[in-house]
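Engineer: give me the fold of what follows.
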Amino acid sequence: MHNYEVVIQESRAELARLARQHRNSVVGTRLSMLKKLKGGEARSLNQVAQQLGYSLRQCQRWFKAYQGEGLPVLLTASQQGRASGERMTETAWTALNKTLVAGEIATYAQARELLAEHGVIYKDDSSVLKLFKRHQIKAKTGRPRHEKTDAEVQSEFKKTLLSG
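Structural biologist: Purely as a prediction, here's the structure:
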């Protein structure tokens, strides 16, 4: 059993600052793990793993790396065990940007389907959400319209409103 308050050298405030700086990334999650352990929000690696949605084994790897090499090892987003680089191809990016600008995509599922047509497969909508966050793409959704809305009637109403 570790006394995390002693083992983790950095202050909770410093860990919180770094976690905010690296939010929406695996580095931010690693820092959140340390912050939760240091502050007592989680009393064990098992608890922190459940809170963060990662496996116990993954959190054990991160903590062991921290104990061995310190904070710098957690601040590097290693690609070990994963394909390096982005899945996206140039043609998929072009198609995605074109449809986003045109306003033809309203949901992450539609974006995922479009990407699949270009050979870029994401298993679920949350993966597309993460892709959008990584590249700072805001979800573009139109204003909701009632199902019985008639564009022609609205256009006529606007004409009479402006002429009257």
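
Engineer: now the residue nearest to residue 88 when sequence neighbours are not counted: phi and psi?
Structural biologist: Sequence neighbours aside, residue 120 is the residue nearest to residue 88 in space, at 5.7 Å (criterion: C-beta to C-beta, 6 or more residues apart in numbering). Glycine gets a C-beta too; all of them are placed from N, C-alpha and C. The phi/psi pair for residue 120 (degrees, to the nearest 10) reads phi -110, psi 110.

Engineer: residue 152: helix or strand, and which one exactly?
Structural biologist: Residue 152 belongs to helix 151-163 when assigned by DSSP states H and E.

Engineer: I meant residue 20, not that one.
Structural biologist: Judged by DSSP H and E, residue 20 forms part of helix 12-21.

Engineer: now do the one helix or strand in the chain whose mean pLDDT sits lowest: distance to the chain's middle.
Structural biologist: Using mean pLDDT, DSSP states H and E, helix 151-163 stands out as the lowest-scoring helix or strand of the chain, at a mean of 81. On the basis of C-alpha atoms, centre = their mean, to the nearest Å, helix 151-163 is displaced by 43 Å from the centre of the chain it belongs to.

Engineer: heading C-terminal from the helix holding residue 20, find the next helix or strand.
Structural biologist: helix 26-39.

Engineer: the chain - how does it break down into domains?
Structural biologist: As given by automatic domain parsing, the domain ranges for the chain are 4-74, 90-134.

Engineer: switch these over to CSV; also include mean neighbour count.
Structural biologist: Formatted as CSV, those follow (neighbours: other C-beta atoms under 10 Å):
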stretch, mean neighbour count
domain 4-74, 16
domain 90-134, 14
